[in-house]
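[1] here is a sequence with its predicted model. Questions after.
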Amino acid sequence: MQQQPIDLKALLSVPYVDPEGGFEISPDGKFVAFAWNPSGQWEIYELPLDHPAPPKQITHGPGGKFSPCYSPKGDRLAYVLDLDGGECFDIYIYDRVNDQHRNLTPGSPETIQPNLSWSPDGSQIAYISDRSGQFETYVMPASGGVARVVLAQPYPGWVVRWSPDGAWLLVIAETHGQDYGTFIVPSMGGEPRQISAGNEAINAKDSRWSPDSTRIAFSSDLHGYYDVGIYHLENDQIEWLTSGEGEKEAPYWSPDGKQLAYVIYRGPDSWLALQALNSDLPFTDQVEPGVHYSPRFTPDGKHLVFVFDNYRRPDDLWQLTLADGSLQQLTSSLPAGLQEVAFVKPQEVYYPSLDGTPVPALLFKPHGFNQPNAAVIVIHGGPTWLFQYLWYPIFQHMASRGWVVLAPNYRGSTGYGKVWQQANRFDLGGIDTKDVVAGVDYLVRTGLADSNRIAVSGRSHGGYLTMTCLTQYPERWSVGSAVVPFLNWFTSHANSREDLQHWDIQNFGDPEKNRQLWHDRSPYFFLDRILSPVQLICGANDPRCPASESIAAKEKLLALGKEVDFVLYPDEGHAFLKINNVIDSEVRRVAFLAQVLEKTEGSR
C-alpha cells in the first residue's frame with residue numbers, strides 16, 4: 001500500500017542556511033554570521049561559537065538579506081539587501097556596538113554583486129557594480145560617499161577580495177567561454193595582471209589571499225578537472241597542490257598559511273579536504289554523503305566551519321574539530337515533525353543518450369515501488385551546475401506520491417570534468433536536450449515508468465530545456481512545466497544584463513552570425529509542435545529569464561489553441577525570495593503535473 005505523500009507545504013516551509021550567499025566568522029572567532037530563513041524571510045543571523053546559545057536575528061524588515069561580511073575589527077557587519085528579486089542589491093552596514101543599520105547605496109538603480117570586501121583598516125569597502133553598463137570594480141568609503149573605479153575591463157566582474165596587507169585587490173571575472181580569470185590590481189588603481197601559466201591566462205576561480213599577501217590559492221580545470229593551485233606574486237609562478245580526477249574547489253587558507261581546506265566533488269557526492277602545503281595527500285572527511293560548502297578555518301586554526309546538506313538534511317552550519325575529527329551541527333533547520341520521515345535516498349545511475357554516450361543522473365525510486373508508474377524528468381538550471389545529493393523538497397514529495405524522479409546531469413553539467421561541462425557549448429538546446437530525452441527511453445526500457453505518464457519540468461535553463469524537449473520531441477511527454485524559463489534566444493538576449501549577454505555570446509555565438517542556430521534552438525518558434533499541456537511560471541522582476549519570455553509564449557500558445565497554465569508573480573525575480581510564493585509556485589507545479597500523471601486508466 002502506498003504511503004501518504006509527504007506534505008509539500010511542510011517540506012517547502014523548512015528553513016535552510018543560504019549556501020551560496022556565504023557566511024563569515026568574526027575576527028575574534030566568537031561568532032558566525034549567516035543568512036537564514038526560519039521566519040520565511042531571508043535575514044542575517046549571528047551564532048556564538050564560544051558558548052551554546054541560539055542564533056540571534058540581527059536584521060528585520062522587507063527584502064532578502066545576504067552575504068554578511070565582518071569588518072576587520074568585528075565592530076561592523078556589511079551585508080546586501082534585495083527588495084524585489086531584481087538583484088539590484090543595496091549595501092548595508094550594521095554597527096554591532098550601537099545596533100544600527102545604514103544603507104550606503106540608497107535608491108541605487110544598478111546591479112551590485114553580492115560579494116563585498118573590507119579594506120584591512122576598515123575604512124573602505126570594495127564591491128562590483130554594473131553602474132557603467134559593465135560589471136566593474138569600485139571602492140567606496142565605509143561611511144558612504146563617492147565610489148571610485150579600481151578596475152574597468154570588458155569582462156563581467158563577480159568577486160573582489162582585498163589583500164591582508166591592503167596593497168592589492170583580486171577580482172574574479174567571467175572571461176572566455178565558461179572560464180573565470182583572476183585579476184590582481186593595485187588597490188589604488190593601476191594595470192592589472194592575470195593569473196597565468198606559461199604566459200597564457202588560465203581559468204582561475206575561488207581565489208583567496210594567503211595570510212601574508214604573497215600568494216593566492218585558486219581552483220582551475222587547466223588539467224581537465226578542477227585542481228587547487230597556488231600563485232606566487234613574487235615570480236608569477238604556480239605550484240599545484242592537487243591532481244587527478246574529482247573537482248577540487250573552494251580553497252581556504254589556515255591562519256598560519258601552512259594548510260588549505262577545500263572541497264572534493266565526485267559527481268553528486270563531496271568531501272571536506274585538509275592538506276598541508278608540503279603534503280601530497282589530503283585528510284578527507286564528510287558528515288555523510290551530500291554536499292559540503294565553503295569550509296573556513298576559525299581564527300585559532302582549530303576548527304573548520306562549513307555548510308552541509310543532503311537528501312534528508314536541509315542546509316545547516318556545521319563545525320569540524322581538527323584535533324579529534326568530531327563534527328558538530330551548529331544550526332538545526334529540520335523541524336521535529338520531519339526528522340523521522342523516511343526520505344528517499346537517490347542513487348546515481350548512468351543511461352545511454354540518443355548517441356550512446358553514458359549520461360549520469362540521480363534516480364529517486366519511491367518506497368515500495370513494484371511496477372511502472374508515473375515519472376518526472378527534472379532538469380537542472382545553470383547549465384553549468386549539477387544535481388547532487390542535496391536537499392530538494394519537491395523531489396521527496398514527488399517520490400512520496402509514487403512518482404519516479406530522474407534528474408539528469410546532461411552534457412553541460414559541472415562535476416564530471418572540463419570535457420563534459422563544455423560538451424554543449426555552441427550546441428545549447430541540442431545535445432543537452434538529447435541527453436534529457438534519452439532519459440525517457442531509460443525509464444521505459446527498465447520498467448520504471450509508464451510511457452503514457454512521463455512529465456518534464458525544470459527551472460531557469462532547465463525551464464528552457466523543458467521547452468526544447470516539448471517542441472523537439474513532443475510525442476515523448478504527457479505534460480510539462482517550465483519555471484522561470486526563456487524561450488526565444490533573440491529576445492532573451494536583448495532584454496538581459498550585460499554579463500548574461502557576455503555568457504550567451506561566449507557559449508552560443510553572435511546572434512547575427514549564428515542567426516539560424518539561434519532560431520532553431522528557440523522553442524518559441526516551434527510552439528505549434530507541442531502535444532501536451534504546458535505550464536509557465538515566472539517572476540515579473542526576473543533579470544535573467546525575463547517574464548516577457550513566458551508572457552509571449554503564453555499568448556502564442558493560446559492563439560494556437562494549446563492547453564497552457566500561466567502563473568506570474570509580480571513581486572519576484574529569478575530566485576523567489578518570499579516563502580508564500582515559493583510554496584504557491586511549487587504546489588501549483590505539482591498540481592498541474594498531477595492532473596495528467598495521476599489520471600486513472602479509464603479517464604485517459
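    Here it is on my side, so go on.
[2] which one's the longest helix in this protein?
    helix 579-597 (DSSP state H).
[3] packing partners for it?
    For helix 579-597, the packing partners by 3 or more Cβ pairs under 8 Å, 6 or more residues apart in numbering; DSSP states H and E come out as helix 8-12, strand 373-379, helix 393-400, strand 449-459, strand 479-483, strand 534-539, strand 564-569. For the C-beta atoms, the positions are set from N, CA and C on the backbone; glycine is no exception.
[4] mind listing what's buried in that helix?
    Buried residues in helix 579-597, counting neighbours by 16 or more other Cβ atoms under 10 Å, are found at 579, 581-586, 588-590, 592-594, 596-597.
[5] next, the angle from that helix to strand 479-483.
    160 degrees (axes from the mean of the first three to the mean of the last three Cα atoms, to 10 degrees).
[6] as JSON lines, the helices and strands packed on helix 579-597 with distance to Ser413 and mean neighbour count would be great.
    Shown next, in JSON lines, are these (distance: least, Cβ to Cβ, whole Å; neighbours: other Cβ atoms under 10 Å):
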{"stretch": "helix 8-12", "distance to Ser413": "25", "mean neighbour count": "18"}
{"stretch": "strand 373-379", "distance to Ser413": "10", "mean neighbour count": "26"}
{"stretch": "helix 393-400", "distance to Ser413": "17", "mean neighbour count": "23"}
{"stretch": "strand 449-459", "distance to Ser413": "13", "mean neighbour count": "23"}
{"stretch": "strand 479-483", "distance to Ser413": "18", "mean neighbour count": "27"}
{"stretch": "strand 534-539", "distance to Ser413": "23", "mean neighbour count": "27"}
{"stretch": "strand 564-569", "distance to Ser413": "27", "mean neighbour count": "18"}
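[7] I'd like those laid out as CSV, including distance to Ala547 and mean pLDDT.
    Listed next are these as CSV, based on distance: least, Cβ to Cβ, whole Å; pLDDT from 0 to 100:
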stretch, distance to Ala547, mean pLDDT
helix 8-12, 22, 98
strand 373-379, 20, 97
helix 393-400, 22, 98
strand 449-459, 14, 98
strand 479-483, 12, 98
strand 534-539, 4, 98
strand 564-569, 6, 98
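[8] a markdown table for these, including distance to Ser210?
    Listed next are those as a markdown table, based on distance: least, Cβ to Cβ, whole Å:
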| stretch | distance to Ser210 |
| --- | --- |
| helix 8-12 | 42 |
| strand 373-379 | 40 |
| helix 393-400 | 40 |
| strand 449-459 | 38 |
| strand 479-483 | 42 |
| strand 534-539 | 41 |
| strand 564-569 | 45 |
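[9] quick one: which of these is nearest Pro366?
    Smallest distance to Pro366 across the helices and strands packed on helix 579-597 (Cβ to Cβ): 4.9 Å, for helix 393-400.
[10] what packs against the closest one?
    Using 3+ Cβ pairs under 8 Å, 6+ apart, helix 393-400 sits against helix 8-12, strand 358-364, strand 373-379, strand 404-408, helix 579-597.
[11] can you put the ones you listed in TSV and add distance to Glu247?
    Shown next, in TSV, are those (distance: least, Cβ to Cβ, whole Å):
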stretch	distance to Glu247
helix 8-12	29
strand 358-364	13
strand 373-379	21
strand 404-408	18
helix 579-597	29
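[12] closest to Glu288 out of these?
    strand 358-364 (16.0 Å).
[13] for that closest one, packing partners?
    For strand 358-364, the elements it packs on are strand 347-352, helix 393-400, strand 404-408, helix 431-445, judged by 3+ Cβ pairs under 8 Å, 6+ apart.
[14] now do that strand against strand 404-408, angle only.
    140 degrees.
[15] buried residues in strand 358-364, which are they?
    359-364.
[16] dump those residues into TSV; add distance to Leu568 as well.
    Output for the buried residues of strand 358-364, formatted as TSV (distance: Cβ to Cβ, whole Å):
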residue	distance to Leu568
Val359	33
Pro360	35
Ala361	31
Leu362	30
Leu363	33
Phe364	30
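[17] now for the residues you listed: which two are most distant?
    Val359 and Phe364 (16.2 Å).
[18] out of the helices and strands packed on strand 358-364, which is closest to Gln194?
    helix 431-445 (30.3 Å).
[19] which other helices and strands contact the closest one?
    Looks like helix 431-445 contacts strand 347-352, strand 358-364, strand 373-379, strand 404-408, strand 449-459, helix 461-472 (3+ Cβ pairs under 8 Å, 6+ apart).
[20] quick one: closest of these to Gly198.
    Across the helices and strands packed on helix 431-445 (criterion: Cβ to Cβ), the nearest stretch is strand 358-364, sitting at 32.9 Å.
[21] just how off-centre is the closest one within its chain?
    Counting by Cα atoms, centre = their mean, to the nearest Å, strand 358-364 is centred 20 Å from the centre of its parent chain.
[22] identify the residues contacting it?
    267-268, 344, 346-353, 387-389, 395-396, 398-399, 404-411, 413, 416, 435, 438-439, 448 (Cβ atoms under 8 Å, 6 or more residues apart in numbering).
[23] from those, list the buried ones, please.
    Buried, going by 16+ other Cβ under 10 Å: 267-268, 344, 346, 348-349, 351, 353, 387-389, 395-396, 398-399, 404-411, 413, 416, 435, 438-439, 448, out of these.
[24] the helices in the protein, which residues?
    Under DSSP H, the chain gives helices at 8-12, 393-400, 418-421, 431-445, 461-472, 489-494, 498-508, 515-520, 547-559, 579-597.
[25] contacts for the fourth one, please.
    By Cβ under 8 Å, 6+ apart, the list of residues contacting helix 431-445 from outside reads 349, 351-355, 357, 359, 361, 372, 375, 377, 379, 383, 404, 406, 408, 410-412, 423-424, 448-449, 451, 454, 456, 465, 468-469, 472-473, 476-477.
[26] tell me the phi and psi of the residue nearest to Ser123 when sequence neighbours are not counted?
    Leaving aside its chain neighbours, Ser123 sits nearest to Ala142 (5.7 Å; criterion: Cβ to Cβ, 6 or more residues apart in numbering). When read as degrees, to the nearest 10, the backbone of Ala142 gives phi -70, psi -10.
[27] distance of Ala142 relative to Gly61?
    22 Å (Cβ to Cβ, to the nearest Å).
[28] closest to Tyr293 out of the helices and strands packed on helix 579-597?
    helix 393-400 (18.2 Å).
[29] list of residues touching that closest one?
    So helix 393-400 is contacted by 3-8, 11-12, 14, 311, 341, 343-344, 346, 364-367, 376, 378, 405, 407, 586, 589-590 (Cβ under 8 Å, 6+ apart).
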